Structures are given as structure tokens and as C-alpha cells.
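Novice: next one to model:
(2 chains)
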Amino acid sequence: MYNFDFVRPSSVKDAVDALGAEEAQALGGGQTLIPTMKQRLAMPAKLVSLTGIAELQGVGRDDSGALVIGGATTHATVEREAGDYPALAELAHHIGDPAVRNRGTIGGSLANNDPSACYPAAVLGTGATVVTSNREIAADDFFEGMFTTALEDGEIITAVRFPIPQVANYQKFEQPASRFALVGVFVAKFSDAVRVAVTGASEEGVFRWSEAEAALSSEFTPSAVEGLGVSPDGMISDLHGSAAYRAHLVGVLTKRAVAAAG
Amino acid sequence: MIRFTVNGAQVETDLEPDTPLLWFLRDTLKLTGTKYGCGIAQCGACTVHLDGFATRSCQMQIGDLEGAEVITIEHQGTPEAPGPVQQAWIEHQVAQCGYCQSGQIMAAAALLAEVPAPDDTQIDDALSGNLCRCGTYPRIRAAVQRAAELMREEGQ
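Specialist: Numbering: from 1, shown residues only, chains lettered A, B, ... in the order given. Next comes the predicted model:
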């Protein structure tokens, strides 16, 4: 490991100030960034740890009934405390392994926007709002492609606000070594619409499957998406699965998610 | 100065805050029971408890630890008086080469603190981040079950 500066501010304001330095990078739980730095795939000169900021921690509800999760809340905490939104708690329970869940944070996962990560599917599939140190970003505007988001330099995810659907479910076809999603599908049914978000499949990262959303909005049953499919064009192809295989999994997992959501 | 506790004892250090906890444990405190395996969060050999939860010490900077409680394998017991998880490990002769086992034991102890009578699925999930190249997994699973029994007996 190379040397870098490390600071642990206790307020969002101090963190934003610290991130104003050259080559400074925010650090959540470090479950992706630290290994990435050890491989020299990222070489920030300064890490600004967000673990010491009390206001970024915890799970609660706001006046509208939405579930609000602090940006530095760990997956393990979401797993334990997001019982009001069971599909989300269940998703958090299946991220990585316990050591990852005990340190990794929702804000870190979203800011990184790994194309195979689980949380982006929940955020996009729920139509959540990403709250940052200076604005609010709708999920539909937040994800901009593999490892790319609408976040600007020095902008910190302070919270994520999830409207709670009537029913929802996340199905992950797990890559057994990394436990990332080979493909993952998040389905959420609201009173006025159904949202379907797919992770692990596209080279552009998480995306909404609008054709399935339309079909499920008129009839929320697995058979409603029978015969629908996504094109393998632009799907990830690697040693774990071809583009065609991933495209096939999108349909299979969507049906399973709808069946499990009820 | 960074202050936290290791195995209940207060420690203070003026090492650089980007120092990995694993280095601090092994090189500064000479607590060499915690092992350096891969160094990149893939193997779990360096597992310790941070505020009661299993954590990989190779991924943790000491600058993040102000006020934290760290527990290592050394706190589980001694050769003369092994703790219940260690006792179960001995009974089942789990270790082959042994290198990963302190991490396995710490992951198991964290599981048992939360789930007193885990089933095999819970054991497999809780220890899924701890690799053993000798393939001792079946014995690990049996030993975790035995440790749960021992802890229940102790609690009675």
C-alpha cells in the first residue's frame, strides 16, 4: 500500500471542506475503495472517512412515510433496521459476506455504482431519491453508466429516501465467489405503477426494463412478462456468463421476483 | 493521537492514521494471532471484531478507530484455558495447516454472539467470507455446532 493522508471529520460540512483538496476521495466502509487502491486502480492522495459523522448514520421514516437511510449506514444496519421495507432489508442481507456488510455502506455502494452491485437496483427499482450534501437527485437521474453517477467532485451522499412500495422483491443470481449479482432484478409495485430495475447485466450499469414495467402495471403476475425479453446487445459478457445468458436471466429473475413479491 | 481499545486494554498510538489495523495489531502490539492472508479483503484470515462485529483488519485504517473496541483471537482464550469456540475446534481437530483458522474462529464467534443455535445455512453464510485452502469446511461447520453446544452448557 502507498502512503496517503487520512482524515475523519465529524460533520458533513467539514467533510465537504476536506474533499476540496487535490485528489481527495470520500471513504465509506472501504470494502471496495481500499482493495482498489491496493491494486493501484485508484490512487487518491487523501481519504476523507465518513464513518465519524453521526448525521449520516441510521434508518428512519420521514413525514411522508418514506424510509430514510443515512449515507454512511452499513449494509448490516439496513439488514437489521429496515424491517419496514422487507425487500430492501433482504437485499442488504445478501450483499457480500458479514465482514463486508458490517463495514460497507449504502452511500459508498451508490457512489461507486458498480454495474453488478445490488443497491443500485433497489434505488432505481423503488424510484428512491438520493440526497447529497447540496441537492436531491431522483434515482432516474442518478445512475449515468458503469461506475458513473450524477455526483460531482466533493459531493457526498447524505441519505437515500425510499418510498415504500405495496410489494417488492429482489432476485439475485449470485456470482458465488464475489456474491455480486451475475444478474439481479428488483421489482416494486406501487399503487400507480410497477418499476423493474436490472443490475449485473448491462455494460451501462443498472437500468429499468420498461417493457416489463408496462406489462406488470396492467397485470402483476409472472405470466405477464412471459414472452418478453431484453436484447443481449450491450450486455456484459465474461467468463461467468455470456451476454445471451445474462439477457435470459433478466426474464427468469423478473418472473421469480414477481412471484415472490406476490 | 488515536485512542481505542484492543481486547479490553486502552491503546494510544501516534502512528499515521492510514496504517492498517492489521499492521498495528501484528507489528506494534505483537498480537500475531491475526494473520495476513491476501491483504485485499478476499480471504478473511485477518478477521477481528470491531465493536462486536466481524471485520477484516487489513481493510481498516486506524484513523477510523477513535473510541472503537477491537477484539482479536488472543481474547478468545489461552492454550491452558481455550474459549468454547477454540475448545470445539480442538475437539474436531479442525485445523490442517491452520493459517486461516484464527479468522474462521473470529467469524464463528461473531455468529454465535448473534445466533446462539445456528443452522448449517446460517453457518455457511456467516463464514462465507473466510477461505480455507485446506478445505476444512465440513469440520468448521461441525465445530461451530459443537461450540454452540458448549456455550449453551456454559450458560446453564
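Novice: what are the ranges of the strands in the stretch 1-150 of chain A?
Specialist: With strands called from DSSP state E, counting those that start in this stretch, the stretch 1-150 of chain A shows them at A:5-7, A:24-27, A:46-49, A:59-61, A:67-70, A:129-132, A:136-138.
Novice: mind putting those into CSV with mean pLDDT and distance to chain B?
Specialist: Where you see a C-beta, it was placed from the backbone N, CA and C, and this is true even at glycine. Listed next are the strands of the stretch 1-150 of chain A as CSV, based on pLDDT from 0 to 100; distance: least, Cβ to the nearest Cβ, whole Å:
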stretch, mean pLDDT, distance to chain B
strand A:5-7, 97, 4
strand A:24-27, 96, 8
strand A:46-49, 98, 5
strand A:59-61, 98, 17
strand A:67-70, 98, 17
strand A:129-132, 98, 22
strand A:136-138, 98, 27
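Novice: now do the contacts for residue 135.
Specialist: You didn't pick a chain, so chain A it is. Contacts for residue A:135 were tallied using Cβ atoms under 8 Å, 6 or more residues apart in numbering or on different chains; there are none.
Novice: please go with chain B instead
Specialist: residue B:96.
Novice: quick one on the thing from earlier: most packed of the strands of the stretch 1-150 of chain A?
Specialist: Sort those by mean neighbour count, taking mean count of other Cβ atoms under 10 Å in any protein chain shown, and strand A:67-70 sits at the top with a mean of 24.
Novice: now do stretch B:7-16: distance from first to last residue.
Specialist: Taking Cα to Cα, to the nearest Å, the first and last residues of stretch B:7-16 lie 22 Å apart.
Novice: what residues does the stretch 151-262 of chain A put near chain B?
Specialist: residue A:179 (Cβ under 8 Å from any Cβ of the partner chain).
Novice: all helices of the stretch 151-262 of chain A, in order?
Specialist: A:210-218, A:243-261 (DSSP state H, counting those that start in this stretch).
Novice: which of those helices is buried the deepest?
Specialist: Mean neighbours per residue, mean count of other Cβ under 10 Å, is largest over the helices of the stretch 151-262 of chain A for helix A:243-261, with a mean of 20.
Novice: how far does that helix sit from the chain's center?
Specialist: Relative to its chain's centre, helix A:243-261 lies at 18 Å (Cα atoms, centre = their mean, to the nearest Å).
Novice: related to what we said a few turns ago, now render the strands of the stretch 1-150 of chain A as TSV, adding distance to residue A:18.
Specialist: TSV is the format used below for the strands of the stretch 1-150 of chain A (distance: least, Cβ to Cβ, whole Å):
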stretch	distance to residue A:18
strand A:5-7	5
strand A:24-27	6
strand A:46-49	4
strand A:59-61	26
strand A:67-70	19
strand A:129-132	16
strand A:136-138	22
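Novice: could you report the pLDDT at the residue nearest the centre of chain B?
Specialist: The centroid of chain B falls nearest to residue B:106 when counting by Cα atoms, centre = their mean (2.3 Å). pLDDT recorded at residue B:106 is 98.
Novice: try residue A:2
Specialist: pLDDT, read off for residue A:2, is 86.
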